[in-house]
Structure formats: structure tokens, C-alpha cells
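Undergrad: coordinates for the following, if possible.
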Amino acid sequence: MEEGPFKSLQGQLLVDSGSLAGSFFNRTVVLLCQHNEEGAFGLVLNRPMDKTVGEMIVEDLPERIQEQDLSIGGPVQGQAMSFLHADDYLPDANVIPNLNLEHSIDELLEIGNSFSSTSQVRIFAGYSGWGSGQLEDELQRNSWLTHPASVDHVFAIPPGQLWRAVMLEMGGVHQLMANAPDDLSWN
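TA: Numbering: from 1, shown residues only. Below is the predicted model of the structure:
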């Protein structure tokens, strides 16, 4: 089988296709922030932690950042902090237009203290990572569906509704899955 040219899925959502039941990734929506031939880095968008940033991060951060809910970005390095920052004008955004992935507390402070009314931030503990070829294998096994990400997926749709919302956006057979109960063992 001829290997095609590498195709980066950066800026796509990975959506549990229904085959990840029982795993950490059951019904998750992962934003692929980086994807190259060496591997991929993603953040789960719909696993809130029930803790605020202020409860978990010792740094002295602005109140509007401290009050935010912290999300679990994935099962890798639970102590590692990442955040997604969106604004109406971020020409150098590194994930999708107007959406940046950052890791530095200094950067977070700067954003927290800025007066942009359109600035939005979400903070994650841990991340989802794939080594070289690993994600491609999972995609070949149909573990994941892919769907273009938007800033709204990160900020506007409540995490508890995101998986279903994306399945509905994808339409077709996915709409049926969106309305299926979480546990199908009863039928």
C-alpha cells in the first residue's frame, strides 16, 4: 500500500466515533492543536475538572482567570498547563485563525491583564499526545471522526453538550449517534 503524502489535521476536531467507550476518550472532542510527521498534540474540549484555575494553579493570576473552570486536556502529564486564547484579531494564531495555543504563565498573565473585550481563554491541565504514526493508525481503525474546528467549539458550546453538538453538525448517521444513550448495552 502506497503511503500518501503526510496530511496535517491541525485545526481539526477529533470526535469519538463511538468506538472509544470505556476509555478516557469516550465521547470526547479533541482539538488537534499541532500535528506533524513526528506526532500530534491535542486538548480535550469537553472534560471539565470541577475545579477552578485558582484552586489548582498557585501563580498569582488575575481574578477573571482564577475564576475559570479548569479542563482536563488529556491523560498525559496532568501537571502540564496549556491554554487556548482567542481574540477577534490574532494574525499569528497557531491553531486556527484567531486561536492560539500557549503554555507560558507569563503569557497567561499578559492576556489576563489585557483589556481586550473580545479576548477569551480556556485553561487545560494535561494533554492528549500521539507519537509518530499513532494518530494515523487510530484514524485508520475509525476510532476518530474529524471535523473542522471553530473558535465557538472551544468557547461557546458548553462542554457537556459539545460531543452531541459536533455530531449534529456532522449530520447523517452521526445525528443518530448524537441522540443515542451513552450506554447501549440495554438494547
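
Undergrad: who does the lowest-mean-pLDDT helix or strand in the chain touch, helix- and strand-wise?
TA: Least confident helix or strand of the chain, by mean pLDDT, DSSP states H and E, is helix 173-178 with a mean of 87. Here helix 173-178 touches helix 159-170, going by 3 or more CB pairs under 8 Å, 6 or more residues apart in numbering; DSSP states H and E. For every residue, glycine as well, the C-beta is placed using N, CA and C.

Undergrad: now for the helix it packs on, which elements pack on it?
TA: strand 12-16, strand 29-36, strand 144-148, helix 173-178.

Undergrad: between these, which one is closest to His103.
TA: Smallest distance to His103 across these (CB to CB): 10.5 Å, for strand 29-36.

Undergrad: show me the contact partners of the closest one.
TA: By CB atoms under 8 Å, 6 or more residues apart in numbering, the list of residues contacting strand 29-36 from outside reads 6, 8-16, 40-46, 74, 82, 84, 94-95, 101, 128, 135, 144, 149, 153-154, 162-163, 166.

Undergrad: assumed Val121 was part of a helix.
TA: No: counting by DSSP: H, G, I helix; E, B strand; the rest coil, Val121 falls outside a helix, being strand.

Undergrad: begin at 395, not 1, for the rest of this chat.
TA: In the new numbering, first residue 395, that becomes Val515.

Undergrad: didn't it look like it was pressed against Gln460?
TA: No: between Val515 and Gln460 there is no contact under CB atoms under 8 Å: 11.5 Å.

Undergrad: give me the more crowded residue out of these two.
TA: Set Val515 next to Gln460 and count neighbours by other CB atoms under 10 Å: Val515 wins out with 21 against 17.

Undergrad: pull the contacting residues for the more buried one.
TA: Applying CB under 8 Å, 6+ apart, the residues near Val515 are 459, 462, 477-480, 502, 505-506.

Undergrad: which stretches of this protein form strands?
TA: Here the chain has its strands, by DSSP state E, at 406-410, 423-430, 433-438, 442-446, 463-466, 470-480, 493-496, 514-525, 538-542.

Undergrad: which pLDDT does the model give Glu396?
TA: Among the per-residue scores, Glu396 holds a pLDDT of 49.

Undergrad: distance of Asn492 from Tyr483?
TA: Distance, Asn492 to Tyr483, by CB to CB, to the nearest Å: 7 Å.

Undergrad: now for the two: what residues contact both?
TA: Joint contacts of Asn492 and Tyr483 (CB under 8 Å, 6+ apart) do not exist.

Undergrad: neighbour count: the two, which is higher?
TA: Asn492 (17 against 9).

Undergrad: pretty sure the more buried one contacts Asp546?
TA: No: using CB under 8 Å as the test, Asn492 is too far from Asp546 to be in contact (11.2 Å).

Undergrad: done for today, thanks.
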